[in-house]
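Visitor: Sharing a model prediction with you, sequence too.
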Amino acid sequence: MSVQVLYFARYREAIGQGEEVIELNDDIHTLSDLRQVLLDRGPAWQILADPRLCCSRNQTLCQLDEPITDHDEVAFFPMVTGG
Amino acid sequence: MSVQVLYFARYREAIGQGEEVIELNDDIHTLSDLRQVLLDRGPAWQILADPRLCCSRNQTLCQLDEPITDHDEVAFFPMVTGG
Amino acid sequence: MTSHIQTGAFDIGQRMQAMHNNHDIGAIVSFVGHVRGQCAEGEINELFLEHYPGMTEASLAQIEADALAKWPLLGVDIVHRYGALKPGDAIVFVAVASPHRQAAFDAANFIMDLLKTQVPFWKREKRNGQAHWVESRDSDLAAAQRWS
Amino acid sequence: MTSHIQTGAFDIGQRMQAMHNNHDIGAIVSFVGHVRGQCAEGEINELFLEHYPGMTEASLAQIEADALAKWPLLGVDIVHRYGALKPGDAIVFVAVASPHRQAAFDAANFIMDLLKTQVPFWKREKRNGQAHWVESRDSDLAAAQRWS
């Protein structure tokens, strides 16, 4: 399956890109599985090990155990600081 | 002693006047004593028997047991409803 | 720290702008009270506000001082109208500036609760053509007691 | 019920005036957040706000819907800026109209608490010439949890 993945704020800066489309194997079922794929890419990606990492699926906040399906829009970002 | 007494809102309307100066005998010591003098004036003054009557001495909210002294400004009024 | 007791209308935008007079201010909370066109008893044609000149100003100054002692405020502005008002008219404006938002929210809420129960204003409504003095509400007394 | 995500400044007086669009409204509470000139770490030269287009609007719409389910509101207006801002600039405006004051205070407070913790905005400050992403505050999380 194919998902669009977005990164924001200091994650985006550390990773060096704001979005990408990723093709995932059949053994990837949750955002947690997807995050592990990204962590395995190398040092720049360790920012996603942030214990306070937030994530969303299709523009709704969710937990890492959220399942993902084909064509989802997924995002990883630090805790928000607006207002 | 001489005190200025003010009435507001529906008390003022019932009594038919907004302020007066009253000469008080030596046996009048508190706002409660003053109120009794006013109640003794007749039917129109019974509005001051209102159980939720409020009063002030020199423009500060107080209780009926507040002492009064010469030249005080005293007021009787219903519960406030501004804002 | 100011309070204005007046018969005339006031300019909310101008007052909001004047509140933001230094760069330590992070939050401004404002409250505007308006005359409603209806109440439980029917249509409101007119509202008349009586007050106690002198004591009104003194009690608002005391409430401002109490708010400043409770929260780290950088500004307070209070306007309250009296006399004849119509449905839709703004009666009261309270704005509070602070470095942080919760202090601004709490102080504005506190000032309104105390204003409703301690400042000598009385409302007379003309409803369905007849004049009635507005009754005080026990819920207002309860709200004011939260802060003591 | 509206929310506006924009780079440009907004006119507080005009928005306050637009909120008062019917005679059932008795109370309007507004919050304005401003960029401060100082923080604990030093002087702030510039603030840059990044956001997540699409999700920002969706999460504000959800917060508005939650507020409407909790309180009898007659109007909500939210404006949030993004991009480059300077000390003194207004970042965010939230206004709530209701028949009664406590609902307006509570709903505005609720919207700000949830906005601070659930809406995807991130602040980068330039302090003493160096850029830093602003850290989230545990006190903001605690404030949001009061409402759940």
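Guide: All right, it came through fine. Numbers count the residues shown, from 1 in each chain, chains lettered A, B, ... in the order given.
Visitor: tell me which element the residue of chain C found nearest chain D falls in.
Guide: For chain C, the residue closest to chain D is residue C:13, as judged by Cβ to the nearest Cβ, at 1.6 Å. For glycine as for every other residue, the C-beta is placed from the backbone atoms N, C-alpha and C. Element membership for residue C:13, per DSSP states H and E: helix C:12-19.
Visitor: Against residue B:15, how distant is the residue of chain C closest to chain D?
Guide: Note on residue C:13: its distance to residue B:15, by Cβ to Cβ, to the nearest Å, is 43 Å.
Visitor: Please apply the same query to residue C:68.
Guide: On the measure of Cβ to Cβ, residue C:68 and residue B:15 end up 38 Å apart.
Visitor: Which of residue C:13 and residue B:15 has more residues huddled nearby?
Guide: residue B:15 (17 against 14; other Cβ atoms under 10 Å in any protein chain shown).
Visitor: Pull the number of nearby residues for the closest residue to the more buried one other than its chain neighbours.
Guide: With sequence-adjacent residues excluded and distances taken as Cβ to Cβ, 6 or more residues apart in numbering or on different chains, residue B:15 is closest to residue B:7, at 5.2 Å. A count of nearby residues for residue B:7, using other Cβ under 10 Å, gives 23.
Visitor: partners of the one helix or strand residue A:5 maps to in the sheet?
Guide: Taking DSSP H and E as the criterion, residue A:5 maps to strand A:2-7. Strand A:2-7 has the following strand partners under DSSP bridges: strand A:19-23 (antiparallel), strand A:73-77 (parallel).
Visitor: Indicate which one of the ones you listed is closest to residue B:67.
Guide: Each of those has some distance to residue B:67 by Cβ to Cβ; the shortest is strand A:73-77, at 66.6 Å.
Visitor: which stretches of chain C have low pLDDT?
Guide: C:1 (pLDDT under 70).
Visitor: Flag every residue of it that's near chain D.
Guide: Contacts of chain C with chain D, taken as Cβ under 8 Å from any Cβ of the partner chain, map to C:11-14, C:16-17, C:20, C:23-38, C:87-88, C:90, C:99, C:101-102, C:104-105, C:108-109, C:112, C:143.
Visitor: re the thing from before, averaged pLDDT, the strand holding residue A:5. What do you get?
Guide: The average pLDDT for strand A:2-7 rounds to 98.
Visitor: on that earlier part again, so which of the residues of chain C next to chain D belong to helices?
Guide: C:12-14, C:16-17, C:101-102, C:104-105, C:108-109, C:112, C:143 (DSSP state H).
Visitor: ok, and for the strand holding residue A:5, which residues are buried?
Guide: Neighbour counts over strand A:2-7 (16 or more other Cβ atoms under 10 Å in any protein chain shown) mark A:3, A:5-7 as buried.
Visitor: part of a helix, is residue C:140?
Guide: Yes - residue state for residue C:140 (DSSP: H, G, I helix; E, B strand; the rest coil) corresponds to a helix.
Visitor: helices and strands around whichever strand or helix holds residue C:50, which ones?
Guide: If you go by DSSP H and E, residue C:50 is part of strand C:42-51. Strand C:42-51 makes packing contacts with strand C:83-85, strand C:121-127 when contacts are defined by 3 or more Cβ pairs under 8 Å, 6 or more residues apart in numbering or on different chains; DSSP states H and E.
Visitor: Excluding covalently adjacent residues, which one is nearest to the residue in chain C that chain A sits nearest to?
Guide: Scanning chain C for proximity to chain A using Cβ to the nearest Cβ identifies residue C:101 as nearest, at 7.7 Å. Of all residues not flanking residue C:101 in the chain, residue C:27 sits nearest, at 4.1 Å (Cβ to Cβ, 6+ apart).
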